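> Sequence and predicted structure below; questions after.
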Amino acid sequence: MKLVHDNLTNSEVQWLLKTTKHPISNAELRKMEKKIAAQRKGVLRVDIDVVGAGDELVLQYYRRMKKQIKYSISLRFKNDGTQLIRLDIGGKHKNHGDLVTQTYNHMHVYSAHTHNHTENAQAISADDFQTVEEPLQTFIDFLKFVNIQMNQKGVEEK
């Protein structure tokens, strides 16, 4: 089911987050995990294609190594770059109406009620993301949160 990305309802967003999605290639997802685990310095940006529910998506991990833990993981539509969800660990944010920019672990989820759809953020739950100090574990938790699963044996990979 293809959806119009600039006018999703909240129920469509929740459906997109919950529906099962798969990486275009299990091997590419494994490579991505290895790169995340191996990063010790510099900047790492890794993107892989994800498919599900008729929409092509891009799963992205971005981290610039600094003293503090700071990275983001996002899922966006491939055709226009619209973000469906972005997890920011150690990032600064100021929601509309807030007086002060704060540094906290938060998530941006697509909303039809805002101009750029992901401008407001909400604090993340420790139930969903328990070990944000470990980027690989958080990445794995994110995959579970957005229901990205490896292709099963017998399913053809591209």
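Cool, got the structure.
> If we ignore the residues flanking it in sequence, what's nearest Phe142?
Ile73 (4.7 Å; CB to CB, 6 or more residues apart in numbering). In short, each C-beta sits where N, CA and C put it, glycine included.
> Sorry, wrong one. I was asking about Met32.
Val46 (4.8 Å).
> Spit out the contact partners of that neighbour.
Residues in contact with Val46 (CB atoms under 8 Å, 6 or more residues apart in numbering) are Met32, Lys35, Ile36, Gln60, Tyr61.
> and which of those residues is nearest Lys94?
Lys94 lies nearest to Gln60 out of those, by CB to CB, at 22.8 Å.
> can I assume that closest one sits in a strand?
Yes - membership of Gln60 in a strand is supported by DSSP: H, G, I helix; E, B strand; the rest coil.
> which ones are touching it?
Arg45, Val46, Asp47, Ser72, Ile73, Ser74, Leu75, Arg76 are the contacts of Gln60 under CB under 8 Å, 6+ apart.
> now do Glu56
By CB under 8 Å, 6+ apart, the neighbours of Glu56 are Asp49, Val50, Phe77, Lys78, Asn79.
> Go ahead and confirm the second one touches Arg76.
This means Val50. No - here Val50 lies out of contact with Arg76, judged by CB atoms under 8 Å, at a distance of 9.9 Å.
> who touches both of the two?
What both Val50 and Arg76 touch, as defined by CB under 8 Å, 6+ apart, is the set Leu57, Val58.
> Tell me what Val51 is bridged to.
His22, Glu56 (DSSP bridges).
> quick one, what contacts Gln137?
Contacts of Gln137 by CB under 8 Å, 6+ apart are Gln130, Thr131.
> quick one: it is in a strand?
No - using three-state DSSP, the secondary structure at Gln137 is helix, not a strand.
> Look at Gln152 and say how many residues are nearby.
8 (other CB atoms under 10 Å).
> what about it, which SS state?
coil.
> Buried residues in the helix of greatest length in the chain, which are they?
Selection of the longest helix in the chain by residue count, based on DSSP state H, yields helix 26-38. Using 16 or more other CB atoms under 10 Å as the test for burial, helix 26-38 gives Asn26, Glu28, Leu29, Met32, Glu33, Ile36.
> I'd say the fifth one and Leu143 touch.
The reference is to Glu33. No - Glu33 is not in contact with Leu143 according to CB under 8 Å; the separation is 9.3 Å.
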